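Undergrad: Coordinates for the following, if possible.
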Amino acid sequence: MTEELRPGDVVQLRSGGPLMTVASIDEHGVTCMWFDRNKREGAIFPPEALQKEDVESEDNQ
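TA: Here you go, the predicted model:
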């Protein structure tokens, strides 16, 4: 993966799906969190499966 991911980054699976927030990164992969129907979800993904998304914060709008 050419992009460096850091906790707090917003990512999405390269195949699509919900926007997720990177919670942590370790030797097992990238742990991401997201909400689905008001329920918090989480999973570990290989970094190659993720793409970083450019999301402007509400402060900049």
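Undergrad: shaky segments in this protein?
TA: 1-3, 57-61 (pLDDT under 70).
Undergrad: Could you pull out the helices in it for me?
TA: Read by DSSP state H, the chain holds no helices at all.
Undergrad: quick one: the strands in it?
TA: Applying DSSP state E to the chain gives strands spanning 10-13, 20-26, 29-36, 39-45, 50-52.
Undergrad: Output those strands as a markdown table; include the columns distance to residue 4 and mean neighbour count.
TA: C-beta here means a position set from N, CA and C on the backbone, and glycine is covered the same way. Shown next, in a markdown table, are these (distance: least, Cβ to Cβ, whole Å; neighbours: other Cβ atoms under 10 Å):
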| stretch | distance to residue 4 | mean neighbour count |
| --- | --- | --- |
| strand 10-13 | 12 | 17 |
| strand 20-26 | 10 | 16 |
| strand 29-36 | 11 | 16 |
| strand 39-45 | 15 | 11 |
| strand 50-52 | 9 | 17 |
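Undergrad: Report the separation between the closest residue to residue 41 other than its chain neighbours and residue 11.
TA: For residue 41, ignoring the flanking residues on the chain, the nearest one in space by Cβ to Cβ, 6 or more residues apart in numbering is residue 34 at 5.5 Å. Distance of residue 34 to residue 11, computed by Cβ to Cβ, to the nearest Å: 10 Å.
Undergrad: residues shared between the contacts of these two?
TA: 19, 20, 21 (Cβ atoms under 8 Å, 6 or more residues apart in numbering).
Undergrad: Distance to residue 39 added to these, as CSV?
TA: Below are the shared contacts of residue 34 and residue 11 laid out as CSV (distance: Cβ to Cβ, whole Å):
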residue, distance to residue 39
19, 16
20, 14
21, 15
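Undergrad: follow-up on the earlier one: and the residue nearest to residue 41, what is it in contact with?
TA: 18, 19, 20, 21, 40, 41, 42.
Undergrad: Isn't the fifth one up against residue 33?
TA: Yes: the pair formed by residue 40 and residue 33 meets the contact definition of Cβ atoms under 8 Å, at 6.3 Å.
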